[in-house]
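K.L.:
This is a predicted model, with the sequence first.
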There are 2 protein chains.
Amino acid sequence: MRKHKWMIKNGSFAVLENEKSTLRGYMVVEDHLITYIGEEEPQVDENTEIIDGTHLFFMPGLVNTHGHTAMSLLRGYGDDLALQVWLQEKMWPMEAKFTADDVYWGTSLSVIEMLKGGTTTFLDMYDHMDQVAAVTEQSGMRGVLTRGVIGLCPPDVQNHKLAEAIAFAKDWHGKAGGRITTMISPHAPYTCPPDYIEKFVQAAHDLDLPIHTHMSETAAEVEQNVQDYGLRPVAHLQKLGVFSRPTLVAHAVHLTNEEIDILAAHQVTVSHNPGSNLKLASGVARVPELLKAGVTVSLGTDGPASNNNLDMFEEMRLAALIHKGVTGDPTAIPAAEALRMGTVYGAKSLFLEGLGTLAAGMKADFIALNTDQAHFLPHTDFISHAVYSASAKDVEHVWVDGKQVVKNGVCLTLDEEKIRREAQSAFERLLTL
Amino acid sequence: MRKHKWMIKNGSFAVLENEKSTLRGYMVVEDHLITYIGEEEPQVDENTEIIDGTHLFFMPGLVNTHGHTAMSLLRGYGDDLALQVWLQEKMWPMEAKFTADDVYWGTSLSVIEMLKGGTTTFLDMYDHMDQVAAVTEQSGMRGVLTRGVIGLCPPDVQNHKLAEAIAFAKDWHGKAGGRITTMISPHAPYTCPPDYIEKFVQAAHDLDLPIHTHMSETAAEVEQNVQDYGLRPVAHLQKLGVFSRPTLVAHAVHLTNEEIDILAAHQVTVSHNPGSNLKLASGVARVPELLKAGVTVSLGTDGPASNNNLDMFEEMRLAALIHKGVTGDPTAIPAAEALRMGTVYGAKSLFLEGLGTLAAGMKADFIALNTDQAHFLPHTDFISHAVYSASAKDVEHVWVDGKQVVKNGVCLTLDEEKIRREAQSAFERLLTL
């Protein structure tokens, strides 16, 4: 079959291998891959489709490494509450009523927001994951999907949930032309008994999949872990064999130096969720120290009810800003590093190969921002502008796996109006139950 | 002359007097003022222009209480640097080359960004203020303008600058149909000798104007103040008589309990600049404590080179988020309080009367956000969505003093394309000097 080959000319491209480097020139895409990027115009045959990149800044698609996207149905339903009140009085009673349909529409609402905002890959840890996979397949987005399991239940329910998580991971891994991959997810050390976590480790070995879990989000849960098991969460998970698998932990807010060393030694990757951690008052993760220790730190939005949006530009900006303010070091997490956290470190965190930078041989997941706007001027440093000035709504075009999914701000793969209508209805129905 | 009377029907309106309160109904505007807001349809004659507010959320225009807007010309020119390196190697050498024209185009660029992003009032402390006033007048925006004076210079230069500041404040106060007011601004305690600050206090008394100054932005400047004058900045300014005038201080990051009490006792208002304070690693202001003590705390972006945008939605969100994260209290600065900081507390901070809420008798400065977007769904709580989900680019329409200045995202009063072109040229010219 003939390859689909096309070229962008006169574009500005983020080349994140160097500090603050923007390349001005050409990029060629063939089917799913970038095959050329450079200042010099490459030889292409006369049938090659050419896209004019003037006034556009191209960068790798953003990678959101932790979320529960169907929770968009609860956006604004409970804010500014103590964590336990928020969970027990607001989130859990509503989530208990979620049907497969609710998850379908909630996920669709989030996927629309993410794609239009330049996020090309997302991790989702939730329930009714077949629905999430269906939305991912339709949308053209890249998804790392995992059934998050809470194990505070009788053995037969535990076994049923584990079987469900395994079946989902097996069924969907590699589907949608390889855009969907899966992981194995015990929800957290404080919601899963040790022997139950060990069963997930075994399943991850059997299926050769990575593990994803929440870890050390709040000081209280760390204390509880010490009381219950005599160990802080990192040593606890290590003891249970979790780190014998490639592992991505979400949050990792409360860490000792020794715990940072253990994570680094086992190449555990971290999803830093600055917006959610601030909003839920969980604290500020020690990201500069983690990066210094060689840990791959990426960015996640967490669920839309604790954020309350899915704008990865905001997470990059928060990562670049709060660690400066809290450490007193204005050189902490420079713009280029924040952009790497939102892109290539995201791909690494998810153990995805060939993704997250603009370079020949990489998967063609990338986005274009409109630079003809007041807050993008002067045209000094587009990487700085992307991190410190931009928002989701500056995204004009989005390509995933070489296929355009957003054009001039419009999602080409999903019916936005219908999704908005259905999501609103789903929320209204949940309120009446 | 016949009044221009018009009405919005079927709108959702932020009514900030109550916690999280959105009113659904009608608002009537006559010339410069809101004359009705309520759920019931008012009697209007058949010639009254009606605007359909369905799918729009109306809220007071945002009030940006501290900035140096012409510094947009240096956006992205220096980031992630230690404060002194940034100032001495990047900002000051470039700013020293700024001409009146540069200030005109830099300010225009910022005013376009602010107006389109829903900011209806801005404070500007800078040089070449006649240019800033000219842009403000043309743009239809409300401006509180003040020549910021650094006094580290010989007496004759000091006198010249003071005279310039006084002349500007006198000439422009109340101009542009009352949209422009002025203040008197010694730049900061560490850049103005005490006897020089006293001359500004005298001028503020003579002209019956408020004072605006930077104060306690960094720990180092507080320490320096103690070394130089034996007092921390608050006691120092109090001693110099500054607080005998209505005073707005910018930053106020490093405060003792006693200093908070002094500010409260003298009704000194505070412009909190969370984005800038984080980016320059100045620290996190004690905003919850200030608010608890009864101090009016508003929000400012600071200059666009230390932010790097002028999105007041982001400042509201940062204010709502960082104080939760840093204090460990998820109820700190709820959404409605953040929205008040960005609106009515802004007006109070600037000592402007009749501004900052949607109520009969208030000035008609307000904005409309498009609620037909994924990140505004479900339609639970628009005040939460405005603070936790929105960005400048969700603003569809903007009115200042009853006059529409932004319609469907397009600024009606300024030539955006020309401004972008001229601002880029100005920056390129500055680079060659």
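P.N.:
Sure thing, it's come through.

K.L.:
The stretch 1-150 of chain A against chain B: which residues are in contact?
P.N.:
By Cβ under 8 Å from any Cβ of the partner chain, the residues of the stretch 1-150 of chain A that approach chain B are A:72-73, A:75-77, A:79-83, A:86, A:109-110, A:112-113, A:116. Every residue, glycine included, has its C-beta placed from N, CA and C.

K.L.:
Return the subset of those lying in helices.
P.N.:
Using DSSP state H, the members of the residues of the stretch 1-150 of chain A next to chain B that fall within helices are A:Leu83, A:Leu109, A:Ser110, A:Ile112, A:Glu113, A:Lys116.

K.L.:
Reformat these as TSV; add pLDDT, neighbour count and distance to B:Leu310.
P.N.:
Putting these into TSV (pLDDT from 0 to 100; neighbours: other Cβ atoms under 10 Å in any protein chain shown; distance: Cβ to Cβ, whole Å) gives the following:
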residue	pLDDT	neighbour count	distance to B:Leu310
A:Leu83	81	16	33
A:Leu109	98	31	29
A:Ser110	98	33	28
A:Ile112	98	28	28
A:Glu113	98	28	24
A:Lys116	98	24	23
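
K.L.:
farthest-separated two in these?
P.N.:
Farthest apart among these by Cβ to Cβ are A:Leu83 and A:Lys116. That separation is 30.2 Å.

K.L.:
hmm, back to that, of all pairs in the residues of the stretch 1-150 of chain A next to chain B, which one is the farthest apart?
P.N.:
Taking Cβ to Cβ as the measure, the residues of the stretch 1-150 of chain A next to chain B span a maximum distance of 33.1 Å, between A:Ala82 and A:Lys116.

K.L.:
And the helices in the stretch 301-433 of chain A, which stretches?
P.N.:
A:312-327, A:335-342, A:344-349, A:382-388, A:416-432 (DSSP state H, counting those that start in this stretch).

K.L.:
Take those helices and lay them out in a markdown table including distance to chain B, mean neighbour count and mean pLDDT.
P.N.:
Listed next are the helices of the stretch 301-433 of chain A as a markdown table, based on distance: least, Cβ to the nearest Cβ, whole Å; neighbours: other Cβ atoms under 10 Å in any protein chain shown; pLDDT from 0 to 100:
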| stretch | distance to chain B | mean neighbour count | mean pLDDT |
| --- | --- | --- | --- |
| helix A:312-327 | 3 | 26 | 97 |
| helix A:335-342 | 6 | 26 | 97 |
| helix A:344-349 | 17 | 27 | 98 |
| helix A:382-388 | 4 | 27 | 97 |
| helix A:416-432 | 4 | 17 | 97 |
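
K.L.:
Quick check: which ranges of chain A have low pLDDT?
P.N.:
Applying pLDDT under 70 to chain A flags residues A:1, A:18-20.

K.L.:
List the contacts of the residue in it sticking out farthest from the centre.
P.N.:
Using Cα atoms, centre = their mean, the residue of chain A lying farthest from its centre is A:Glu46. It sits 38.6 Å away. The contact partners of A:Glu46, taken as Cβ atoms under 8 Å, 6 or more residues apart in numbering or on different chains, number zero.

K.L.:
and if you look at A:His187?
P.N.:
Taking Cβ under 8 Å, 6+ apart, we find A:His187 in contact with A:Met125, A:Gly148, A:Val149, A:Ile150, A:Gly151, A:Thr213, A:His214.

K.L.:
Could you measure from the second one over to A:Val270?
P.N.:
The reference is to A:Gly148. 17 Å (Cβ to Cβ, to the nearest Å).

K.L.:
Neighbour count for these two, which is higher?
P.N.:
A:Val270 (32 against 23; other Cβ atoms under 10 Å in any protein chain shown).

K.L.:
which residues touch the one helix or strand that one maps to?
P.N.:
A:Val270 belongs to strand A:269-272 when elements are defined using DSSP states H and E. The contact list for strand A:269-272 (Cβ under 8 Å, 6+ apart) reads A:65-66, A:123, A:246-252, A:263, A:285, A:287, A:290, A:295-300, A:319, A:341, A:348-351.

K.L.:
can you do 6 Å?
P.N.:
Residues from elsewhere that reach strand A:269-272 (Cβ atoms under 6 Å, 6 or more residues apart in numbering or on different chains): A:65-66, A:248-250, A:252, A:285, A:287, A:290, A:295-300, A:349.

K.L.:
which secondary structure elements does the very next helix or strand once past that strand contact?
P.N.:
Sequence order places helix A:274-279 as the next helix or strand after strand A:269-272, per DSSP H and E. When contacts are defined as 3 or more Cβ pairs under 6 Å, 6 or more residues apart in numbering or on different chains; DSSP states H and E, helix A:274-279 packs onto helix A:312-327, helix B:312-327.

K.L.:
Compute the inter-axis angle for the last one and helix B:335-342.
P.N.:
Computed with axes from the mean of the first three to the mean of the last three Cα atoms, to 10 degrees, the direction of helix B:312-327 lies at 120 degrees from that of helix B:335-342.

K.L.:
Check the offset of helix B:312-327 from the chain's centre.
P.N.:
Distance, stretch centre to chain centre, for helix B:312-327: 16 Å (Cα atoms, centre = their mean, to the nearest Å).

K.L.:
and if you look at stretch A:172-183?
P.N.:
Stretch A:172-183 has its C-alpha centroid displaced from the chain centroid by 15 Å (Cα atoms, centre = their mean).

K.L.:
and if you look at stretch A:398-406?
P.N.:
Offset of stretch A:398-406 from its chain centre (Cα atoms, centre = their mean): 17 Å.

K.L.:
ok, and the closest non-adjacent residue to whatever residue of the stretch 101-250 of chain A ends up closest to chain B?
P.N.:
In the stretch 101-250 of chain A, the residue that lies nearest chain B is A:Glu113 (4.0 Å; Cβ to the nearest Cβ). Leaving aside its sequence neighbours, A:Glu113 sits nearest to B:Ala374 (Cβ to Cβ, 6 or more residues apart in numbering or on different chains; 4.0 Å).

K.L.:
repeat for A:Pro42
P.N.:
In this structure, A:Pro42 finds its nearest non-sequential neighbour in A:Tyr36, 5.0 Å apart by Cβ to Cβ, 6+ apart.

K.L.:
where does the one you found land in three-state SS?
P.N.:
Assigned with DSSP: H, G, I helix; E, B strand; the rest coil, A:Tyr36 falls in the strand class.

K.L.:
so who does it touch?
P.N.:
A:Val28, A:Pro42, A:Ala360.

K.L.:
let's see it at 10 Å
P.N.:
For A:Tyr36, the contacting residues are A:7, A:25-30, A:42-44, A:359-361, by Cβ atoms under 10 Å, 6 or more residues apart in numbering or on different chains.

K.L.:
got it, and A:Asn64?
P.N.:
A:110, A:114, A:117, A:119-124, A:144, A:271, A:273, A:298-302, A:310-312, A:315, A:342, A:346, A:350.

K.L.:
mind checking the SS state of A:Val29?
P.N.:
Under three-state DSSP, the three-state class of A:Val29 is strand.

K.L.:
isn't it right up against A:Met7?
P.N.:
Yes. Taking contacts as Cβ atoms under 10 Å, A:Val29 lies within contact range of A:Met7: 7.5 Å.

K.L.:
what's next to the host helix or strand of A:Ile166, contact-wise?
P.N.:
Using DSSP H and E, A:Ile166 sits in helix A:155-172. Outside helix A:155-172, the residues within contact range by Cβ under 10 Å, 6+ apart are A:127-130, A:132-134, A:136-137, A:143, A:145-154, A:180-187, A:192-193, A:195-196, A:199-200, A:202-204, A:206-207, A:209.

K.L.:
thought A:Val107 was touching A:Asp127?
P.N.:
Careful, residue A:107 is Thr; it's not Val. No. If you go by Cβ under 10 Å, A:Thr107 and A:Asp127 don't touch, sitting 11.0 Å apart.

K.L.:
what residues do these two have in common as contacts?
P.N.:
A:His68, A:Ala70.

K.L.:
A:Thr146: what's it in contact with?
P.N.:
By Cβ under 10 Å, 6+ apart, the contact set of A:Thr146 is A:123-126, A:129, A:132, A:165, A:168-169, A:172, A:181-185, A:209-213, A:248.

K.L.:
What of A:His68?
P.N.:
Applying Cβ under 10 Å, 6+ apart to A:His68 gives the contacts A:74, A:91, A:95, A:103, A:106-107, A:110, A:123-127, A:132, A:148, A:301-306.
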